[in-house]
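> below is the structure, and that's it, no one-letter string:
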C-alpha cells in the first residue's frame, strides 16, 4: 500500500511535468526550435449606447442616440439623469414620440398657412394718424398698432414680435410681414392716411 506522502509526491510531480516544470526525474532538454506563442486578446470596447434625455452643448440634442464611454455614462450621465441606456422598448417609444412631434409640427404649419391666407385675402388694414405738413404724420405706425387693428377687425391675437414693419412716417400704402411660422410668412397691406 502506498503512503499518502508518496501519492502526493507522485501526483505533484506528474502535474509539474505536464506543465513543463522541474521534477526529480531527469527530463529531456526543451526543443530550441519551438517557441511558446503568446496570444494577446484585443482590448474590449467599453462603450454604451445611450439616449440623451436633455440637450447638452458638447454632446448632442435631446432624444439623440450616442455611443459614450461606460465610465462617462456611469459616473456622470446616469447620476445627473441626463441619459439612459438604449433598449428595444425605448427605441419603439422614441419612434412613436418622433412621429407624434412630426404630426404636431405639420399641423402647426398648416394652421399658419391658413392664417397667412386669411391675412392676405382680407385686403388692406386702414390706419388713421394725425396729419402734419404734406404727407407727414405725427408719430409713426408701430407693430403694436398693427396688432391692435388685427385684433379689432379679425378677432385674432397676434404677438407683436412676429410683426416686421418698415418705418412708417408718411401717409400711403405699406406692406408688413407677419412671421407666423419659421417657414410661413404672411404679407399684410396697410393704408396709412391722415384725418
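Good, I have the coordinates. All of these numbers come straight from a predicted model, not from anything done at the bench.
> quick check, central residue of the protein?
Per C-alpha atoms, centre = their mean, the C-alpha nearest to the average position across the chain is that of residue 61, at 2.4 Å.
> just to check, it is in contact with residue 53?
No. Between residue 61 and residue 53 no contact is recorded; they are 10.9 Å apart, counting by C-beta atoms under 8 Å. For the C-beta atoms, the positions are set from N, CA and C on the backbone; glycine is no exception.
> which residue ranges of the protein form helices?
For the chain, helices defined by DSSP state H occupy the ranges 4-18, 70-72, 78-80, 88-121, 143-154.
> residue 186: which of those is closest?
Ranking the helices of the chain by their distance to residue 186 (criterion: C-beta to C-beta) puts helix 88-121 first, at 3.6 Å.
> pLDDT weak spots in the protein?
Counting by pLDDT under 70, the ranges of the chain that qualify are 1-34.
> how close does the residue lying closest to residue 159 once chain neighbours are set aside get to residue 178?
Computed as C-beta to C-beta, 6 or more residues apart in numbering, the closest residue to residue 159 that is not its neighbour in sequence is residue 147, at 7.6 Å. Going from residue 147 to residue 178 by C-beta to C-beta, to the nearest Å gives 10 Å.
> now do residue 155
As for residue 155, its distance to residue 178 is 16 Å (criterion: C-beta to C-beta).
> more crowded one of those two?
The neighbour count for residue 155 versus residue 178, taken as other C-beta atoms under 10 Å, is higher for residue 178 (25 against 7).
> what's the separation between the closest residue to the more buried one other than its chain neighbours and residue 50?
In space, residue 178 comes closest to residue 186 once its chain neighbours are excluded; the distance is 4.4 Å by C-beta to C-beta, 6+ apart. Noted for residue 186: a distance of 42 Å to residue 50, by C-beta to C-beta.
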